[in-house]
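Participant: Sequence and predicted model, in that order:
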Amino acid sequence: MKSIDIQTLNKMLGAGDAPILLDVRRRADYAANPQTIAGAKWCDPENIDRWVKDLPSARPIILYCVKGGPVSQSAVKRLRKEGFNAALVEGGLKAWIDSGQPVHAVLPKPYTIQPDDVDILRRAGVSEQDIVHSVKVAEKALEIAARTRADLDMVMVGRGALFHDLGKAKTHDIEHGQLGAQMGATLGLPTTITAVMEKHIRGGLSSEEAVELGLPVKDYTLGTLEERIIIYADRLVDIITDGIVEIQAEKEAEDRFEEILQNIPKYGKNDRTLVRYLGYHREIQGLVKK
């Protein structure tokens, strides 16, 4: 594995023929700390098949991740296999910062649904109808999250909502949550995202309910506000798009949420599920900016 230290990188960046510098931290790591070494371009390592084709072959390429670990190592191996003169930064961005070198603060951009993520759903075999639903849930979850006063992981909200029905590529039965989580793990999706797939069935089952439904025995409780917003958005989108309830505007689904769930079994499911959904509704509406 070819690597360079911080001092060498500093000299290279100050030279006239500076290398191409790529930040290949995972999406979640980049979102958590949107600072880069000046001149670096962030490239999602999960999409290396796409951006590797756009790299110029004549210039050396330097890559870094958080600590110079498996992420940048894997990317360097791939680039060198493709014939590029690539190396990684020893210790990654952490070593650069710890040595007192300056970083460039990237202004965070509002998270938007990524076409590459939609392509993952399509390649996995999710139907176009289910993809349309998943995109709508992600849009609704991001919209609601933005209206709250909470400090939220918007990447997790958007991606968790988009991927929540991944298992419907295999079945629309109740097992699609469990199957989706397994598929997501195989695809390398973060555990925060695969957890949403597994937990969203009936809005977060108790272990007792899992036994009744023949699912793996565990606690499916929605432990984070991000998870609860996703599940709330999923139910709202059902109400808005199913055509069972006449809705003049999307906001009406929120305003009439309790009435609709209490009167239409399709949405309330059963007493335990109803109590959960009403709890999420009241919690989230209490946080929404009026």
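Facilitator: Happy to help now that I have it.
Participant: Pull the contacting residues for the nearest residue to D153 once chain neighbours are set aside.
Facilitator: For D153, the nearest residue in space outside its immediate sequence neighbours is E226; the separation is 5.7 Å by Cβ to Cβ, 6 or more residues apart in numbering. For every residue, glycine as well, the C-beta is placed using N, CA and C. For E226, the set of contacting residues under the criterion of Cβ atoms under 8 Å, 6 or more residues apart in numbering consists of 145, 152-153, 156-157, 160, 192.
Participant: want to try CSV for those residues, with neighbour count, pLDDT and secondary structure as columns?
Facilitator: As requested, the contacts of E226 are exported to CSV (neighbours: other Cβ atoms under 10 Å; pLDDT from 0 to 100; DSSP: H, G, I helix; E, B strand; the rest coil):
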residue, neighbour count, pLDDT, secondary structure
A145, 25, 92, helix
L152, 20, 86, coil
D153, 18, 88, coil
M156, 24, 93, helix
V157, 26, 95, helix
G160, 29, 96, helix
T192, 16, 92, helix
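Participant: Tell me the spacing between the residue nearest to D153 and S207.
Facilitator: Between E226 and S207 the distance, using Cβ to Cβ, to the nearest Å, works out to 22 Å.
Participant: Check D271 too.
Facilitator: Applying Cβ to Cβ, the value for D271 to S207 is 17 Å.
Participant: Look at those two and report which has more neighbours.
Facilitator: The residue with more neighbours, out of D271 and S207 and counting by other Cβ atoms under 10 Å, is S207; that gives 13 against 8.
Participant: Pretty sure the more buried one sits against D219.
Facilitator: Yes - the pair formed by S207 and D219 meets the contact definition of Cβ atoms under 8 Å, at 5.3 Å.
Participant: Without its sequence neighbours, what residue ends up closest to L236?
Facilitator: Nearest in space to L236, with sequence neighbours left out and distances taken as Cβ to Cβ, 6+ apart, is A253 at 4.9 Å.
Participant: For the one you found, list the residues it contacts.
Facilitator: With contacts defined as Cβ under 8 Å, 6+ apart, the neighbours of A253 are 236, 239-240, 245, 247, 260.
Participant: try 6 Å this time
Facilitator: For A253, the contacting residues are 236, 239-240, 247, by Cβ atoms under 6 Å, 6 or more residues apart in numbering.
Participant: So it belongs to a strand, correct?
Facilitator: No - for A253, which was evaluated using DSSP: H, G, I helix; E, B strand; the rest coil, the result is helix, with no strand membership.
Participant: so what's it scoring on pLDDT?
Facilitator: Per-residue confidence at A253 stands at 94 (pLDDT).
Participant: Can you give me the distance of Q262 to A233?
Facilitator: Here the criterion is Cβ to Cβ. By it, Q262 lies 19 Å from A233.
Participant: can you put the contacts of E226 in CSV and add distance to Q178?
Facilitator: As requested, the contacts of E226 are exported to CSV (distance: Cβ to Cβ, whole Å):
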residue, distance to Q178
A145, 26
L152, 26
D153, 24
M156, 20
V157, 22
G160, 16
T192, 17
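Participant: from these, which is closest to S72?
Facilitator: For the contacts of E226, the minimum distance to S72 (Cβ to Cβ) is 21.9 Å, reached by T192.
Participant: Can you point out the buried residues in the helix or strand where the residue nearest to D153 lies?
Facilitator: Of the helices and strands defined by DSSP states H and E, E226 is found in helix 225-242. For helix 225-242, the buried set under the neighbour-count rule, 16 or more other Cβ atoms under 10 Å, comprises 225-240.
Participant: Name the nearest of those relative to I120.
Facilitator: Relative to I120, the closest of these is I230; by Cβ to Cβ it sits at 17.3 Å.
Participant: Correct me if wrong: the closest one contacts G158.
Facilitator: No - I230 is beyond contact range of G158, at 9.2 Å (criterion: Cβ atoms under 6 Å).
Participant: quick one: common contacting residues for these two?
Facilitator: Once Cβ under 6 Å, 6+ apart is applied, it turns out that I230 and G158 contact no residue in common.
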